[in-house]
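Peer 1: Any chance you could fold what I've pasted below:
(2 chains)
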Amino acid sequence: MSLEYPSDLKYLDSHEYVRLEGEIATLGISAFAVDQLGDIVFLELPEVGDTVTKGESFGTVESVKAVEDLNSAVTGTVVERNDPLVESPEQLAEDPYGEGWLLKVRVKDPDLGDVLSADEYQAQVEGE
Amino acid sequence: MAKSELEPETLLPLAQTPLYQLAVELKARLTSFGGWEMPVQFTSIGREHAAVRTAAGMFDISHMGKFVLRGQQLIDHLQPLVPSDLNRLQPGQAQYTVLLNPQAGIVDDIIFYYQGKDDTGEQRGVMIVNAATTAKDKSWLEAHLNLRQVNVLKGGTSGSKAKDGVKLQDHSAEKVLIAVQGPQAATYLQPLVQEDLSHLKLFCHLEATVLGQPGFVARTGYTGEDGFEVMVDPGVGVELWQLLLQAGVVPCGLGARDTLRLEASMALYGQDIDETTTPLEAGLGWLIHLDTKGDFIGRSVLEQQKATGVPRRLVGLSMQGRNIARHGYQVLSNGQVVGEITSGTLSPTLGYPVALAYVPAHLATPNQKLEVEIRGKAYPAVVVKRPFYRSKNRH
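Peer 2: Numbering: from 1, shown residues only, chains lettered A, B, ... in the order given. Below you'll find the predicted structure:
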């Protein structure tokens, strides 16, 4: 089974993705991260109105065996949070790039800077 | 997420069991455990866990240490090493017990399967120990038993002294051990074993004919569910695994083994119990038989703890929210650190997080409210009776 990495997204080497549409960034985790984590059992995300900071942790995802920080690719204010997913975190695995999004953030600076393209990210994870 | 934490540790060359290739063929995710490269999951920990609770799953546990012990007075020689009274064992019965150091700290937790006397009048038994502690346990037994290795005796020079000693054969590398667990375990295993398993009671065992070959079958396990542990030669083990797989038994990894044993509140050596914890502190008082046996290593400490009370106890905690308490997290009472989580997970069967933790004895009673510090914040937890989960199918 080969995992997919949509080309309209940018990625962090720590396996989070960002989809930037205007000044709204959608944050989530990649199919590779979902595959590596296994059964996801817990999500901790900031509240609407909270600030997230580029390069810093904005929350936690836990599988049965692992606890992982979620890192933000952008700085900005949380405008929407995927509450149904927080209630049923196991759903994340089914559609990480669609229904499995985590946060929508109004970004201060639309320049993402040092992020990976889908090809670059795929090359990295397939080397792992 | 951290890049490195998603990858298995590969610092040392790891040992592989005879069933390793079968796990690779099934595309199992592998992990290092006690010096072994073992499957952590085949498909999903949740699915494997559910299979054992509702149907049948199987685990390769060939990494565990397997000692065959023999001696004219084997039981008498073992008695000083364990707090359990092994004289209570009839042939065909087993005892879960612990090897203790002089401080009553747990050197290892083991199962001793007593097989009775063979035709030469020697008492025989099988001791199954943890993988990571196999070498340590062997040294411990060598140091504390009147031990004579079997190869020493091969020259036929077994004089009167040999009669009185204990012989230890280490079968750890030569045998496959498969745990078949779940309410339907007997249904799947019976067609492959000549003897009638319906007569085999919990914690009993027999030398059995498995796929026409000599083997050892015990009604024991580490899941809190009905089930069997089968020890056979590697070739038989490979065939047994494949036949069980074809029949529909779900292959399970160490991930599900951990969530299953934790729901059943069974201790994991090196995590919930170790050389600094006594069996009384760990809630294993039921295996200590002070009244019916003589001296054993660690006895005076246990007597003292029994008289004056233990300073701390391993308790079950139920988290009041969704946050999962995990190994190493601190336990708080009124804002003060009072203990530490030794194991914790989201219980797949119960649907809420459970944990084991050492807390001071005065806080170790059911319904006691405590808190667990998770990423800098305190979350409510309550002490509950162990086990968290009790099967209706065990008998």
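Peer 1: List the residues that contact the residue in the stretch 101-250 of chain B that chain A sits nearest to.
Peer 2: Shortest the stretch 101-250 of chain B-to-chain A distance, computed as C-beta to the nearest C-beta: residue-wise this is B:Val250, at 14.8 Å. C-beta coordinates here come from the backbone N, C-alpha and C atoms, glycine included. The neighbourhood of B:Val250, defined by C-beta atoms under 8 Å, 6 or more residues apart in numbering or on different chains, consists of B:42, B:47-48, B:51-52, B:55-58.
Peer 1: Would you check that B:Pro251 makes contact with B:Gly57?
Peer 2: Yes. With contacts defined as C-beta atoms under 8 Å, B:Pro251 counts as touching B:Gly57 at a distance of 7.3 Å.
Peer 1: What sits closest to the residue of the stretch 101-250 of chain B closest to chain A if chain neighbours are left out?
Peer 2: By the measure of C-beta to C-beta, 6 or more residues apart in numbering or on different chains, the closest residue to B:Val250 outside its immediate chain neighbours is B:Ala51, 3.7 Å from it.
Peer 1: residues touching the residue nearest to A:Glu99 when sequence neighbours are not counted, list them.
Peer 2: In space, A:Glu99 comes closest to A:Gln91 once its chain neighbours are excluded; the distance is 6.7 Å by C-beta to C-beta, 6+ apart. Taking C-beta under 8 Å, 6+ apart, we find A:Gln91 in contact with A:84-85, A:99-100.
Peer 1: Could I have the buried ones of these as ChimeraX selection syntax?
Peer 2: Burial among the contacts of A:Gln91 is assessed by 16 or more other C-beta atoms under 10 Å in any protein chain shown; the matching ChimeraX selection reads:
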select /A:85,100
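Peer 1: JSON lines please, covering the contacts of A:Gln91 and showing pLDDT.
Peer 2: As requested, those are exported to JSON lines (pLDDT from 0 to 100):
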{"residue": "A:Pro84", "pLDDT": "97"}
{"residue": "A:Leu85", "pLDDT": "97"}
{"residue": "A:Glu99", "pLDDT": "96"}
{"residue": "A:Gly100", "pLDDT": "97"}
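Peer 1: which among the contacts of A:Gln91 gets closest to A:Tyr5?
Peer 2: Sorting the contacts of A:Gln91 by how near they are to A:Tyr5, with C-beta to C-beta, puts A:Gly100 at the top with 14.2 Å.
Peer 1: distance of the closest one from chain B?
Peer 2: Per C-beta to the nearest C-beta, to the nearest Å, A:Gly100 is found 15 Å from chain B.
Peer 1: returning to that earlier point: now for the residue nearest to B:Val250: which residues touch it?
Peer 2: Residues counted as contacts of B:Ala51 (C-beta under 8 Å, 6+ apart) are B:57, B:182, B:250, B:252.
Peer 1: Among these, which pair sits farthest apart?
Peer 2: Comparing all pairs in the contacts of B:Ala51 by C-beta to C-beta, the longest separation belongs to B:Gly182 and B:Cys252, at 9.4 Å.
Peer 1: Find residues that contact each of those two.
Peer 2: Taking C-beta under 8 Å, 6+ apart as the contact criterion, the residues that touch both B:Gly182 and B:Cys252 are B:51-52, B:57.
Peer 1: Where strands are concerned, which of those count?
Peer 2: Among the shared contacts of B:Gly182 and B:Cys252, the subset assigned to strands under DSSP state E consists of B:Gly57.
Peer 1: where are the low-confidence patches of chain B?
Peer 2: B:1-12, B:147-163, B:394-395 (pLDDT under 70).
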